[in-house]
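Participant: after the sequence you'll find the predicted model.
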Amino acid sequence: FCYLCQDGGSLHCSSQCRRAVCSFCLIVPEKYQETILEDGVDFCCLGCHELEDQTTRSSGTRVFCPYWVIPILLANPHIQTHYGMSSHSEVNDDPLAIIHLYLAGMDPHGLPLLLIYESFHSYFHPSDLLFFELKFDAGTPTKEADYQLKMASLVERLWCAESAHVLLFITKHSEEAQGDLFVGH
């Protein structure tokens, strides 16, 4: 996704960082369209140019020439979008697992967790975003043992998936008078 407008489309991917700029935000003249796709042509995002200019105390005019070393474009490309993001910001697309543990007897439908999953879905490769829902009931020793087996299976699946980050959500009731949390029935 383009880090300027957060949209997809035809992207210019930076060879210096993980950012990309779409062809809507950075308009390259048509006569250079094929040239910028050739082997050996590196694209550098505006944020990296800004950092380079700060480091070298350059005048900043190079920020608008996104190709390193020998500029490919003879004129500065038109930038359609206002650049207002930090030059250090980026979308973390490391593998992520979203886990929802919910108390038996509760209806997990209608909670915002699926909305979170669906909104994250477009930023990840399908195998890098996982969603698990697990019902728990530890009200008796038998139910607790069953839950521990299910949890061990879930942990094994997480190890196999090598998720770098885990979001854990727990949904349960509390006792109305004291607020004690239920662990089962």
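Facilitator: Everything's here; your move. Numbering: from 1, shown residues only.

Participant: stretch 9-19: which residues count as buried?
Facilitator: For stretch 9-19, the neighbour count (16 or more other C-beta atoms under 10 Å) marks 11-12, 14, 17, 19 as buried. Every residue, glycine included, has its C-beta placed from N, CA and C.

Participant: tell me the two of these that are most distant?
Facilitator: Spatial extent of the buried residues of stretch 9-19 (C-beta to C-beta) is set by the pair Leu11 and Cys17 at 13.3 Å.

Participant: what pairs with the helix or strand containing Leu167, parallel or antiparallel?
Facilitator: Element membership for Leu167 (DSSP states H and E) is strand 165-171. Partners of strand 165-171 in the sheet, by DSSP bridges, are strand 96-103 (parallel).

Participant: next structured bit after the strand it pairs with?
Facilitator: Note on strand 96-103: by DSSP H and E, the next helix or strand toward the C-terminus is helix 113-121.

Participant: buried stuff in the helix or strand of the chain with the lowest mean pLDDT?
Facilitator: Between all helices and strands in the chain, the lowest mean by mean pLDDT, DSSP states H and E belongs to helix 46-56, at a mean of 71. Counting neighbours by 16+ other C-beta under 10 Å, one finds that the buried residues in helix 46-56 are 46-53.

Participant: can you name the element that comes right after that helix?
Facilitator: Using DSSP H and E, the helix or strand that directly follows helix 46-56 along the chain is strand 78-79.
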